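**Student:** Sharing a model prediction with you, sequence too.
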Amino acid sequence: MIKYVRHTLLLAALVSFSIGLYAQNTKGTEYIEQIDSVRMRITLSTLASDAFEGRGTGKQGGEIAQEYIVAYLDSCGVETGNNGSYYQNINHLKSFNGARRKFTVDGIDYPNDYKYVNQYRHDTILEITEIIFVAAGTDIDSIKLDEIENKTVMKQGDTPSGYIDSRNPKTVISIIPDFKPASPTISERTHFIPPESKHKYENVSISVDLADKLLKSTGKTLKEITGEVEKNGKSQIFTLKTSAEIHGNVIFRKTKVSNILGIIEGAELKNEYIVLSAHHDHVGIINEKIYNGADDNASGVSSVLEIARLMAKAKKENRVPRRSVLILFPAAEEKGLVGSNYYVNNPVFPLNEVKACINVDMLGRIDSKHKSTDGGYIYIVNDEKTNGNLLETAEKSNVDNIILNTNDLNSLFNRSDHYNFARHNIPAVLLTSGLHNDYHTPRDRVELIDFDAMWKRSRFIFALIWNLATED
């Protein structure tokens, strides 16, 4: 069934390119007059259809979306952006979701009394036969515990973590007084392997009740031990013999995810680059409901594809701007800006030659602050420290005199793919029509998109990209 759906959708994409033809007597920025809202409507409606299953990262619908975008770029004549390929595979990527919880002590399972998110590294089962318990008193700094290296340590909450960390344990079990059970399911997420971690050891947290089970051989409860420590200030250290088995709360699977890259080569400054980006996947299916993501971010993708089509057309007609334009569709934005982070750390084109990044994310709605308008506005989410002369160029590019709002939504600056370029001191902004109540819900559907407003914003974006790729 999936092959049939893919072939049908790709064929529909190619057939749709025949609509909206225009006269060929334009030059330079006059290509802006050829921006076609009907094309964008078809592209957006296709990407946000139920057949794409919410374009989940690493999921079947996400793969269909990638194939659709690549077919579009290829048919428009946009050149491959990665050494003969449109794809940049993101290596060492895994997704994880909830696993069956299990913490056994002497054969009895206590699944709701611990948390062990096993550092996202691998499926982990810890088998423990000995635990060194430390209840820290005022004398803790004078006590040598060199023998805990590569062993399992259990500590009550007041024990300084630095004291334990410096002695290189293999596993640390922390007793949490107000412990709350782990959720029975963990929503699927995506991470690099290995991720950054503040611990060099396996980190497990448990409830007081489970700690008492582990302390049973001492004849004392945790409350009794800590009471004695508080009374006399002396640390208490026990070596506990046990038969415990701890399962990590997550399971992993390899995930095939790719950024998509196309390039429109410039003229005399072709080794300088303007990046135009829009993340192509969304959150997929949650609780059997499809999150179509019409605004987030099928709207941004359809706008960027239309601009790429016209840039490629200008290239064929020898009217290309001076600089090259890199069309980038990052993956896994919803998972923590994964795709754009991967690109800036593995750039296909020299990062120091990227002069600006214009990121388009959610372009198709009218937010509550602009209900009285006809959609003739756009937010330019920026950071004054990194935006260079982008705002000045934006003013020059405002061909339809839409409202350019640079004062609001600053909280979004680090929440989309432009941010990873800004972190490398590249002038970068987010262009968006703003948030709404349907954001990240199944209600973000095509029928709520304002295509007239989206057309106006796309005209502005085209002019901005053209000017950035042309001006001194």
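**Tutor:** In hand now; what should we look at?

**Student:** what residues are up against residue 138?
**Tutor:** 233-234 (Cβ atoms under 8 Å, 6 or more residues apart in numbering). Using the backbone N, CA and C atoms, a C-beta is placed for each residue, glycine as well.

**Student:** what about 7 Å?
**Tutor:** residue 233 (Cβ atoms under 7 Å, 6 or more residues apart in numbering).

**Student:** before we move on, what about the one 10 residues further on?
**Tutor:** Shown in contact with residue 148 (Cβ under 7 Å, 6+ apart): 132, 167, 169.

**Student:** So residue 64 belongs to a helix, correct?
**Tutor:** Yes. Note on residue 64: a helix contains this position according to DSSP: H, G, I helix; E, B strand; the rest coil.

**Student:** Now do the strands in the stretch 101-250 of the chain.
**Tutor:** Listed in chain order, the strands of the stretch 101-250 of the chain (DSSP state E, counting those that start in this stretch) span 103-105, 108-109, 114-115, 125-135, 152-155, 171-175, 189-192, 202-206, 236-247, 250-254.

**Student:** Residue 52: which of those is closest?
**Tutor:** Across the strands of the stretch 101-250 of the chain, residue 52 has its closest neighbour in strand 189-192 (18.2 Å, Cβ to Cβ).

**Student:** Strand partners (parallel or antiparallel) of that closest one?
**Tutor:** strand 93-98 (antiparallel) (DSSP bridges).

**Student:** what's the spacing between the partner strand and its chain's center?
**Tutor:** 14 Å (Cα atoms, centre = their mean, to the nearest Å).

**Student:** Okay, buried residues for it please.
**Tutor:** Neighbour counts using 16 or more other Cβ atoms under 10 Å place 93-96 of strand 93-98 among the buried residues.

**Student:** try stretch 163-183
**Tutor:** Of the residues in stretch 163-183, 164, 167, 169, 171-176, 179, 182 count as buried by neighbour count, 16+ other Cβ under 10 Å.

**Student:** about what we covered before: quick one: which of the buried residues of strand 93-98 is nearest to residue 54?
**Tutor:** Using Cβ to Cβ, these come closest to residue 54 at residue 95, 15.1 Å.

**Student:** Return the set of residues that bridge with the closest one.
**Tutor:** residue 190, residue 253.

**Student:** Residue 462 versus the closest residue to residue 135 other than its chain neighbours, what's the distance?
**Tutor:** Spatial nearest neighbour of residue 135, chain neighbours left out: residue 236 (4.5 Å); criterion: Cβ to Cβ, 6 or more residues apart in numbering. Applying Cβ to Cβ, to the nearest Å, the value for residue 236 to residue 462 is 71 Å.

**Student:** The two - which one has more neighbours?
**Tutor:** The residue with more neighbours, out of residue 236 and residue 462, is residue 462; 24 against 17, by other Cβ atoms under 10 Å.

**Student:** tell me which residues in the helix or strand where that one lies are buried?
**Tutor:** Residue 462 is part of helix 451-470 when elements are defined by DSSP states H and E. Residues 451, 453-470 are the ones in helix 451-470 that count as buried (16+ other Cβ under 10 Å).

**Student:** likewise stretch 80-96?
**Tutor:** Residues 80-82, 86, 88, 90, 93-96 are the ones in stretch 80-96 that count as buried (16+ other Cβ under 10 Å).
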